[in-house]
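Student: Sequence plus the predicted model coming up.
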Protein chains: 2
Amino acid sequence: MHYHNFAEFAIDKTFQFIEPGPVLLLATQYKQKTNVMTLSWSTLFDFTPQIGCVLSPGDYTFEMLKAAKECVLGIPAVDIMEKTVQIGNCSGKDADKFKIFNLTPLPAKIVKAPLIKECLVNIECKVTDTSLADRYGLFVMDGVKTWFDENRIEKRTFHANGDGTFVIDGETKNLKHLMTKWQIFI
Amino acid sequence: MHYHNFAEFAIDKTFQFIEPGPVLLLATQYKQKTNVMTLSWSTLFDFTPQIGCVLSPGDYTFEMLKAAKECVLGIPAVDIMEKTVQIGNCSGKDADKFKIFNLTPLPAKIVKAPLIKECLVNIECKVTDTSLADRYGLFVMDGVKTWFDENRIEKRTFHANGDGTFVIDGETKNLKHLMTKWQIFI
């Protein structure tokens, strides 16, 4: 299925976008309010994919996500790196971040939160467990539909070093021949 | 403090090694048995650093870590990438992986698990919560002491794409000027 600049991407291979640990955007919608935040603390729990995202109670998205129990995880590529960092430097409490950062929200297919047209990948997610949000900031969610901008030229993602510097994807090394135990995934 | 090829690294900046999401090695020791596994599902929970590592119940380390409640997280650089992938392709149930992969265990200072001399970074960790291991494979741990091989020439880390390919750190981009809200960390 195609939708705007996106092609639907196999949900059972979607973990491959999260596993490298790129910086993510997280879009939420709750009661007419739409927001987007930058996130670099995430992990996989399984190949569904079940994904864990760690937010701070200080994030405006924190209570929205608890209530809405749905979101979109967007994976930005290098061409929107500066914008992604700026999104992480202000709060949706004060601003409509889609508007001020000139991001294009597109209606998602399953969840109410919007896709972000400018991202390389968008993963529609249903939050399945908020019971660890207060203790660890952890929201557990299932990816339920994925959109991939296959025709995009810039596909390199980036990772936060935590000191205000970011490392961009470099060379890719193919080591499939060493992963004989895990053929099922490759 | 210096120790073999390592210098002690500030514990409150140690999160900066985990945040980019590199492939990790996880070394354990329990009842005379030492083991090491490869891991790419991890996240931060706070800047302590409190770290979450996701293991499979099928991993030999899983029960060892539940019992030992201590480990060392090693961060391999590109020069031991193939070895790291091979470590992830076999089980410590059948083999002494330190021996067959020619890794040098060094006594850690706080935990019983060994440091890995060949890694760029070693983080001694105390497991603080195993209650989510059965549900999510999640082990919550605190980094308590960190060792950094500052004189090492190859410092690039790598990330798993989940399909048997790995992406190596490329260019670093300094965007500190955009992170005015988070000056405390930079």
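Tutor: In hand now; what should we look at? All figures in this text were calculated on a predicted structure; none of them were measured in a lab. Numbering: from 1, shown residues only, chains lettered A, B, ... in the order given.

Student: Pick out the residue of chain A closest to chain B.
Tutor: A:Gly21 (1.5 Å; CB to the nearest CB). Glycine gets a C-beta too; all of them are placed from N, C-alpha and C.

Student: Can you name the residues bridging to A:Ile116?
Tutor: Note on A:Ile116: beta-bridge partners A:Pro105, judged by DSSP bridges.

Student: you'd agree it is up against A:Ala77?
Tutor: No. A:Ile116 is not in contact with A:Ala77 according to CB atoms under 8 Å; the separation is 11.5 Å.

Student: which one of these two has more residues nearby?
Tutor: Between A:Ile116 and A:Ala77, counted using other CB atoms under 10 Å in any protein chain shown, A:Ile116 has the larger neighbour count: 26 against 22.

Student: related to what we said a few turns ago, which SS class is the residue of chain A closest to chain B?
Tutor: At A:Gly21, secondary structure determined by DSSP: H, G, I helix; E, B strand; the rest coil is coil.

Student: need the contact list for the closest residue to A:Trp41 other than its chain neighbours.
Tutor: Nearest non-adjacent residue to A:Trp41, counting by CB to CB, 6 or more residues apart in numbering or on different chains: A:Val54, 3.8 Å away. Contact analysis of A:Val54 by CB atoms under 8 Å, 6 or more residues apart in numbering or on different chains lists A:Leu39, A:Trp41, A:Ser42, A:Tyr136, A:Gly137, A:Leu138, A:Phe139, B:Thr43, B:Leu44, B:Phe45, B:Gly52.

Student: Buried ones among those?
Tutor: Neighbour-count burial (16 or more other CB atoms under 10 Å in any protein chain shown) applied to these gives A:Leu39, A:Trp41, A:Ser42, A:Tyr136, A:Gly137, A:Leu138, A:Phe139, B:Thr43, B:Leu44, B:Phe45, B:Gly52.

Student: So which of these belong to strands?
Tutor: If you go by DSSP state E, these have A:Leu39, A:Ser42, A:Leu138, A:Phe139, B:Thr43, B:Leu44, B:Phe45, B:Gly52 in strands.

Student: Out of the residues you listed, which comes closest to A:Gly58?
Tutor: Taking CB to CB as the measure, A:Gly58 sits nearest to A:Leu39 out of those, at 13.3 Å.

Student: what about the closest residue to that closest one other than its chain neighbours, how many neighbours?
Tutor: Spatial nearest neighbour of A:Leu39, chain neighbours left out: A:Leu24 (4.6 Å); criterion: CB to CB, 6+ apart. A count of nearby residues for A:Leu24, using other CB under 10 Å, gives 25.

Student: How about the backbone phi and psi for A:Leu24?
Tutor: With angles defined as degrees, to the nearest 10, A:Leu24 sits at phi -120, psi 160.

Student: how about the helices in chain A?
Tutor: According to DSSP state H, chain A carries its helices in the segments A:15-18, A:60-68, A:81-87, A:97-100, A:133-136.

Student: Adding mean pLDDT and distance to chain B, write those helices out as a markdown table.
Tutor: Formatted as a markdown table, the helices of chain A follow (pLDDT from 0 to 100; distance: least, CB to the nearest CB, whole Å):
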| stretch | mean pLDDT | distance to chain B |
| --- | --- | --- |
| helix A:15-18 | 98 | 4 |
| helix A:60-68 | 98 | 13 |
| helix A:81-87 | 97 | 5 |
| helix A:97-100 | 96 | 13 |
| helix A:133-136 | 98 | 5 |
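
Student: Point out the most buried one among the ones you listed.
Tutor: Among the helices of chain A, the stretch with the highest mean neighbour count (mean count of other CB atoms under 10 Å in any protein chain shown) is helix A:15-18, at a mean of 23.

Student: that older thread, pipe the buried ones among the contacts of A:Val54 into a markdown table and attach distance to A:Ala108 per row.
Tutor: Shown next, in a markdown table, are those (distance: CB to CB, whole Å):
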| residue | distance to A:Ala108 |
| --- | --- |
| A:Leu39 | 18 |
| A:Trp41 | 23 |
| A:Ser42 | 19 |
| A:Tyr136 | 27 |
| A:Gly137 | 24 |
| A:Leu138 | 23 |
| A:Phe139 | 17 |
| B:Thr43 | 24 |
| B:Leu44 | 28 |
| B:Phe45 | 28 |
| B:Gly52 | 27 |
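
Student: list the contacts for A:Pro107?
Tutor: Going by CB under 8 Å, 6+ apart, the list of residues near A:Pro107 reads A:Pro114, A:Leu115.

Student: Pull up the per-residue confidence for A:Met179.
Tutor: Listed pLDDT for A:Met179 reads 88.

Student: Apart from its chain neighbours, what residue comes closest to it?
Tutor: B:Gly164 (4.7 Å).

Student: now that neighbour: how far from B:Ala133?
Tutor: Distance of B:Gly164 to B:Ala133, computed by CB to CB, to the nearest Å: 27 Å.
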